[in-house]
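Student: Task: produce atomic coordinates for the following.
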Amino acid sequence: MKSENYSKNIIKVFKKDGFVLSEPDVLLDSDYIIQRSGENFRKLMLTFDDDTGKSMCLRPDLTVAYCIKYLKDNSKANAKIFYSGQAYRRSNSLKDKVINDQLGIEILGSKNKSSDDLKILKTITNSIKKIKIKNTSIKVGDVSLFQKLIESLNIPERWKMRLKRHFWRPEYFQDLLNRLETNSDIDPAAVNIDKKKFSEMKNLDQNNEIANRKVSEILSRFDRKIKDPRSFAENKKIAGIIREFLKINCEIDKIEKTLIDFVKKNNLSKRVFKDLSTITNLSKINSKTIFSTNFGRNIEYYTGIVFEIYNSSKKEIARGGRYDGLLKSLGSKKNISAVGAAINLNNL
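Tutor: Residues are numbered from 1 along each chain as shown. Next comes the predicted model:
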């Protein structure tokens, strides 16, 4: 009964703020999700084979489920929706529930990113106030800041690609930083093999195909790989800058100054974090909100702002963020602006 009353009051806030009900499917194609949304979902999904032998799963995430519905409906319009339902997740902990009752909101297709991020967080916090949950705390991150930092650093392209790709795997990422620091990935034998193959393929017909790729395309890739420096003098310094960045943790109204000081200290370009309006906007909700550059690495599809709200017992009661690349990974021809959040009714 208590949960039902919570739901009614939360939905009132959602509707008041202009969100319209839209329910995503409960059963999803598990292979489709894994192939397009990353391996992180595999360990969470409750899967089974249907009568035709097709692998299906109960939706592990309502955001992904709604995005699939959005694409299935061939929707091209802006969407501002809410849903009420259950997500089903496997867990190694006996304390975690398999069935999570959620109420969530999503804004898709809008170009007003900064105001949309603020709208989502504001609606969620107002919903929590409506049901009289007190002494909450908020933690915010922005995974795009890490991407911008890496792009600004003077390191080989292969390292930029690795660090961005494995940001979502903290343990492996630390191993990468250790290797970056010592240049321990250098393999002269492999470089010589690449140079030999490059030389041989230059004599082939450039329009011939090998493994469904033109020789010219393969040569272009080899050329970039060979020219990419195998070692560089600033390796220790660069690893130190990345580690220092990931230790930034402060109240959100201090993040702009903190990042400016970080840029100055490390002699980085002043334009690395040129627009922080989206983040500073969120301080309007609660100036005591904590911002952490190391936060938001547990779900691979996030591309910008990420946040979680906790109750007085430090239980997570809501989470959300921006995921502009998810719809493209699920089948859209281009990236679609998207941000959303969900309240976990089980933890209220």
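
Student: could you list every residue that touches the closest residue to Thr123 other than its chain neighbours?
Tutor: In space, not counting the residues next to it along the chain, Thr123 is nearest to Asp17; the distance is 4.7 Å by CB to CB, 6 or more residues apart in numbering. Where you see a C-beta, it was placed from the backbone N, CA and C, and this is true even at glycine. Applying CB atoms under 8 Å, 6 or more residues apart in numbering, we find Asp17 in contact with Ile105, Lys119, Thr123, Asn126.

Student: Tell me the most packed of those, by neighbour count.
Tutor: Note: the member of the contacts of Asp17 with the most neighbours is Ile105, at 25 neighbours, neighbours being other CB atoms under 10 Å.

Student: what ranges of the stretch 51-200 of the chain fall below the confidence cut-off?
Tutor: Counting by pLDDT under 70, the stretch 51-200 of the chain contains low-confidence residues at 93-94, 184-195, 198.

Student: As a check, name the ranges of all strands in it.
Tutor: Counting by DSSP state E, counting those that start in this stretch, residue ranges of the strands within the stretch 51-200 of the chain are 55-58, 79-88, 99-108, 137-142.

Student: want to try TSV for those, with distance to Asn207 as columns?
Tutor: Converted to TSV, the strands of the stretch 51-200 of the chain look like this (distance: least, CB to CB, whole Å):
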stretch	distance to Asn207
strand 55-58	39
strand 79-88	45
strand 99-108	42
strand 137-142	45
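
Student: name the element Lys237 belongs to?
Tutor: When secondary structure is defined using DSSP states H and E, the element that contains Lys237 is helix 235-245.

Student: Show me which residues of that helix are buried.
Tutor: Neighbour counts over helix 235-245 (16 or more other CB atoms under 10 Å) mark Asn235, Ile238, Ala239, Ile241, Ile242, Phe245 as buried.

Student: Nearest to the spatial middle of the chain, which residue is it?
Tutor: Ranked by distance to the mean C-alpha position of the chain (CA atoms, centre = their mean), the top residue is Tyr302 at 1.8 Å.

Student: How about the contacts made by that residue?
Tutor: Contacts were defined as CB under 8 Å, 6+ apart; by that measure Tyr302 touches Val143, Gly296, Gly321, Arg322, Tyr323.

Student: And Asn298, how far from Asn207?
Tutor: Using CB to CB, to the nearest Å, one gets 46 Å for the distance from Asn298 to Asn207.

Student: These two: who's more crowded?
Tutor: Neighbours per residue, other CB under 10 Å: of Asn298 and Asn207, the larger number sits with Asn298, 12 against 8.

Student: what helix or strand is that one on?
Tutor: In this assignment (DSSP H and E), Asn298 forms part of neither any helix nor any strand.

Student: What about it? Give its phi and psi, please.
Tutor: Main-chain torsions, Asn298, degrees, to the nearest 10: phi -90, psi -10.

Student: can you check Pro60 too?
Tutor: Its backbone dihedrals place Pro60 at phi -90, psi -10, with angles given as degrees, to the nearest 10.

Student: residues touching it, list them.
Tutor: Applying CB under 8 Å, 6+ apart, the residues near Pro60 are Ile33, Phe41, Leu44, Met45, Leu46, Ala87, Tyr88, Arg89.

Student: And those residues, which is closest to Leu177?
Tutor: For the contacts of Pro60, the closest approach to Leu177 (CB to CB) belongs to Phe41, at 25.9 Å.

Student: Look at Glu234 and say how many residues are nearby.
Tutor: Other residues within reach of Glu234, judged by other CB under 10 Å, total 12.

Student: Would you confirm that it contacts Asn154?
Tutor: Yes. Under the criterion of CB atoms under 8 Å, Glu234 is in contact with Asn154, at a separation of 6.5 Å.

Student: Now for the two: what residues contact both?
Tutor: Common contacts of Glu234 and Asn154, defined by CB under 8 Å, 6+ apart, are absent altogether.

Student: Now the element after the helix or strand hosting Thr278, going C-ward?
Tutor: Thr278 is part of helix 277-282, with elements assigned from DSSP H and E. Next helix or strand after helix 277-282 toward the C-terminus (DSSP H and E): strand 290-292.
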